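Enquirer: got a predicted structure plus its sequence, pasted below:
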Amino acid sequence: MSFSSSSSSSRPRTWRYSVFTSFHGPDVRKTFLSHLRKQFNTNGISMFDDQGIERGQTIAPELIRAIRESRISIVVLSKNYASSSWCLDELVEIFKCKEDKNQIVMTVFYGGVDPSDVRKQTGDFGKVFKKTCTRKTEEERRKWSQALTDAGNIAGEHFLNWDNESEMIEKIARDVSNKLNATIVSNDFEDMVGIEAHLEKMQSLLHLDDEDGVMLVGICGPAGIGKTTIARALYSRLSSTFQLSCFMENLRESCNSGGLDEYGWKLRLQELLLSKILNQNGIKINHLGMMMQRLCDQKVFIILDDVDDLQQLEALANDTNWFGHGSRIIVTTEDQELLEQHGINNTYHVDFPPKENARKILCRYAFKKSWAPYGFENLAERATELCSNLPLGLRVMGSMLRGKKEDDWESMLQRLEKSSISKIDALLRVGFDSLHESDQTIFLLIAVFFNYEDDGHVKTMLADSGLDVRLGLKTLAYKSLIHLSTKGEIVMHKLLKQVGIQAIQRQEPRKRQILIDTDNILDALENDFGNRSLMGISFDISTIKDSMDISPRALKRMRNLRFLWIYNSRWDTNVRVHVPEDMDFPPRLKLLHWEEYPGKCLPHTLRPENLVKLYLEESKLKHLWKGTQPLGNLKKLNLNSSYNLEELPDLGNATNLEILDVCKCQSLVEIHSSVGNLHKLEKLKMNYCGKLQVVPSLFNLASLQSVSIAGCYQLRKFPDISATITELKIVDTMLEELTASMERSGADIERLPDCIKDLHCLDDLFIIGCPKLVSLPELPRSLTRLVVWNCESLETLVPFPSDSQIFILFFPNCFKLGPEARRVIIQQRSCHQFLPGRDIPAEFTHRAIGKSLTITSNACGGFKMCVIFSPKSEMGDAIDIDLMCRISINGCPKENCIVSLLGGVRSEHLAIFYSEILREYDEVEQYSEMLFEFSSSTQEIEIIECGVQILVEETSSEQVLDNDNGSLADESFELDASRVKIIDDLHGSLEFDASRVDTDDALLGLFAPTFFSFGF
């Protein structure tokens, strides 16, 4: 893999059409195709239109050109597709483009067409094809047959698997859109001065052609030199070539400890990375080995940006064996020693750009071209020199001078040249000093309160401040003092943030609109020294030497105060802040962020009608206020870890509330019924509320996206929830180490709510540690994974519909499963099963005692394998089981299959797994002997018996050879990694520490639509 050294050659290929469809007109043009075209138009996907092209015996040149100029080809294989030599020629051309141009090919098996009939040209489809081949040359027949075989081997959408054609079309459109997005190469950095030279140097360090090793590479240099820009350009260009990728931006600012100890902080960092790289919001883990388990077999590309603490690297990239072969981890930092301490010696040191490039950077921002216009040449030279060639300075300087006349340039440069402070500081200050007073205020507020906050949130906070917020934000962005991230967050560079802090410190104390210095704040809060123009206070109470008493009237004097942010950066438990019960709050307060608020109740003088965000984490509150308050502007209410909070007030007037967080409110018994009427509520978090017993119905909350109820052991009844919810987490045993005395009552649950069947987006369901659960209700048709673990009383379950998409059915330690339930599990086709048992099911006609068997057959296609194993002694839940099968044909190794199971089994279990691996080998039909050799990743179990079921009709004799002596010992079982296919990595997707789940534990965690885990 290599980068082009010129920007023109690195430009992505331009495709004329997004999609070309190959189809038989009479079968689908007026039905399926017309609906597909309409859906594509809705999704903004361009599709070639063949209307007007006259059909003939040979494919028209226009069609060949359209195929070659399309990014994706979709082949609609209907019953009469093979009746058209035109269609078959199209198909040959499509696969030629797939080979030569890396074109993406997708298939739709429409009507009653079976992929197997297309692949082998059999059945009715084959009869039509043979008729078309009459009087054709052998070469034509060979090309067409090969093209159909290739098309049949592509896993596409099967019409018979869908009840609703419109839903199938919507999915096709989504898949096409995702594939287009994944293949569009960004040119955001194409015209950036000098970027190709940086990328070429990085290429020499990354050794991208080496697919065996894992590499950590550093990018080091001073602030503002362009380290993050280089990393972003690399990510934009390379991320699509890796299985998984993520950009962990600004670790210095966004990943502070938040009061956690070192272990908890590292867990938090890993949760953030896993959530990003797996694209699953809110992933929770319980031990630091989970990240390695999830990523050790994945080729990943990770950027760790702006690292400033060795513990960040220890948490996120402590060892190369955490990641799969070919992975690359890039670390950007200002600290070279930090890289060396972590053993990263492969480092790119970013130098200041040469003088010519520096001048070009300035001119790009000042004149939107790479050179200075006539009359500005010397001015541009002087400006470049003043910036000391620092890219950030050049960008700010150029943006600031854009559109200015020569006289303005001269005045600005003279002022900078005469400044006594450092050139870089002076330059960045000029950007601030040049702002209108209103825009300066917005700049300072962002620097102190709103960096990395959502753009809309900032506008709401400053809505009635008298500031022109819309114009101000536009001006700051225009001058490169802020930028809007891809997540819609306002971002200010740390050097510019420091400029804001210094600007506040230079102001006369009595004229300041924002207080940040401890001495000034103490004067204001203890001695009533405040002013009416004060807009915000940011107070780190860990900087207080002794205790402090806030004056009852201190805040009342600050009538314009809107933003009060009190925090404890060191989580110092010795801090003593005393709040009088009759303390007056200012009337215009919009942001009240007070960590460790010491009072039992908020003062009755608080007027919350203007509050937008109320953040009272770790407070001593027992209740917020009495009665009903006007809360029409409140959007975020966070009472996390307010251990003494006994009740929530009536929130019926909080009609705009979007986020409510009462996690770890261990004295809270009831969520007020008014919450059930908050129609704009999006997130409700109630984790670890140990005494919580009542949650109102949430059925009518159409905006609700996420509900989290973890560690609520006394909650007896699940609230009704809307079927449109996207994330539901209920984990009932995670609080054990925080409060050992808490009642663990989840094990008493005997049934699951019937409403589960209405969660139509649900993919995965995990039910763990429910010893009194006897039966399972009807489950949603969308379900693909069902895991029921340590539910010893479970006897029955409802059969799955014929069109079920489920492919995982795991029931370890469910010893009372009845005959009908076992039949439902075992006979589910195209599925992996795991359940107690000591007998190979009858349908496995090939079987052998021991670890291997040989089948003599010319069968080809899908098959099931069954293994019975027994624990040699008592197994811990933390022991993972990987079953492996090495498949050889006529002595030639073909594939290694691995299926990951759950540990902790207490008796014989049988594992059944399905595979279509042999479908990929055309030569299977020519060979007769297939050898299956089974082994395990742990010596804690013994494989007793094995079996294989061929899922196609066999045409020759069969022979099963017992081969007890030929089995492979675990320690000698070496796999060829190039041939390994992971059938499933189930234990890697379970977001809990199995070692902490006892037999009678209750663990329930639901994640919808993609992850829904249950446990009581």
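Expert: Received it, and whenever you're ready, just let me know what you need. Numbers count the residues shown, from 1 in each chain.
Enquirer: what are the ranges of the helices in the stretch 601-750 of the chain?
Expert: Remark: no helices are assigned in the stretch 601-750 of the chain by DSSP state H, counting those that start in this stretch.
Enquirer: what residue ranges in the stretch 901-1016 of the chain score low on pLDDT?
Expert: 902, 916-928, 952-1016 (pLDDT under 70).
Enquirer: ok, the closest residue to Asp335 other than its chain neighbours - contacts?
Expert: Distance criterion Cβ to Cβ, 6 or more residues apart in numbering; nearest residue to Asp335, sequence neighbours excluded, is Asp308 at 6.5 Å. Where you see a C-beta, it was placed from the backbone N, CA and C, and this is true even at glycine. Listed by Cβ atoms under 8 Å, 6 or more residues apart in numbering, the contact set of Asp308 reads 251-252, 333-335, 338.
Enquirer: highest neighbour count among those?
Expert: Among those, Thr333 has the most neighbours (other Cβ atoms under 10 Å), with 26 neighbours.
Enquirer: so the residue nearest to that one when sequence neighbours are not counted: helix, strand or coil?
Expert: Counting by Cβ to Cβ, 6+ apart, Thr333 lies nearest to Val307, which is 4.5 Å off, once chain neighbours are set aside. The local conformation at Val307, judged by DSSP: H, G, I helix; E, B strand; the rest coil, is coil.
Enquirer: re the thing from before, per-residue confidence for the residue nearest to Asp335?
Expert: What the model reports for Asp308 is a pLDDT of 86.
Enquirer: rewinding a little: just the ones of the contacts of Asp308 in strands?
Expert: Thr333 (DSSP state E).
Enquirer: out of the contacts of Asp308, who's nearest Gly947?
Expert: Nearest to Gly947 among these: Leu251, at 51.3 Å, using Cβ to Cβ.
Enquirer: how near is the closest one to Ile303?
Expert: 10 Å (Cβ to Cβ, to the nearest Å).
Enquirer: same deal with Ser703?
Expert: 34 Å.
Enquirer: got the contacts of Asp308 as CSV, with distance to Glu453 and pLDDT columns?
Expert: Listed next are the contacts of Asp308 as CSV, based on distance: Cβ to Cβ, whole Å; pLDDT from 0 to 100:
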residue, distance to Glu453, pLDDT
Leu251, 18, 86
Arg252, 17, 78
Thr333, 25, 89
Glu334, 25, 82
Asp335, 27, 81
Leu338, 28, 88
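Enquirer: just the contacts of Asp308 now: which is nearest Pro799?
Expert: Nearest member of these to Pro799, counting by Cβ to Cβ, is Leu251, at 49.9 Å.
Enquirer: touching, the closest one and Leu310? I think so.
Expert: No: using Cβ atoms under 8 Å, Leu251 makes no contact with Leu310, being 11.8 Å away.
Enquirer: on the three-state scheme, the most centrally placed residue in the chain is what?
Expert: Among the residues of the chain, the one closest to the centroid is Asn279, at 1.5 Å (Cα atoms, centre = their mean). Here Asn279 takes the coil state, with states given by three-state DSSP.
Enquirer: how about it, phi and psi?
Expert: Main-chain torsions, Asn279, degrees, to the nearest 10: phi 60, psi 40.
Enquirer: cool, Ala358 as well?
Expert: phi -60, psi -40.
Enquirer: per-residue confidence, the residue of the chain positioned farthest from its centre, what does it come out as?
Expert: Of all residues in the chain, Arg135 has its C-alpha farthest from the mean position, at 55.3 Å, by Cα atoms, centre = their mean. Note on Arg135: pLDDT of 83.
Enquirer: kindly report the same for the one 5 residues further on.
Expert: Glu140 carries a pLDDT score of 91 in this model.
Enquirer: same check on the one 5 residues further on?
Expert: Per-residue confidence at Ser145 stands at 94 (pLDDT).
Enquirer: check contacts around it.
Expert: Applying Cβ under 8 Å, 6+ apart, the residues contacting Ser145 are 121, 129.
Enquirer: separation between it and Val75?
Expert: When distance is defined by Cβ to Cβ, Ser145 is 15 Å away from Val75.
Enquirer: so where's the longest helix in the protein?
Expert: helix 165-183 (DSSP state H).
Enquirer: buried by neighbour count: which residues of it qualify?
Expert: 168-169, 172-173, 176, 179-180 (16 or more other Cβ atoms under 10 Å).
Enquirer: how about the nearest residue to Thr605, chain neighbours excluded?
Expert: Nearest in space to Thr605, with sequence neighbours left out and distances taken as Cβ to Cβ, 6+ apart, is Asp584 at 4.5 Å.
Enquirer: who are the contact partners of the one you found?
Expert: 552-553, 555-556, 603, 605.
Enquirer: please repeat the previous calculation with a cut-off of 7 Å.
Expert: Listed by Cβ atoms under 7 Å, 6 or more residues apart in numbering, the contact set of Asp584 reads 552-553, 555-556, 605.
Enquirer: in the stretch 501-650 of the chain, which spans are strands?
Expert: In the stretch 501-650 of the chain, the strands defined using DSSP state E, counting those that start in this stretch lie at 514-515, 536-540, 548-549, 563-567, 577-578, 591-594, 613-615, 636-638.
Enquirer: could I get the contacts of Asp308 in a markdown table, plus columns for distance to His198?
Expert: Converted to a markdown table, the contacts of Asp308 look like this (distance: Cβ to Cβ, whole Å):
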| residue | distance to His198 |
| --- | --- |
| Leu251 | 21 |
| Arg252 | 22 |
| Thr333 | 16 |
| Glu334 | 17 |
| Asp335 | 20 |
| Leu338 | 21 |
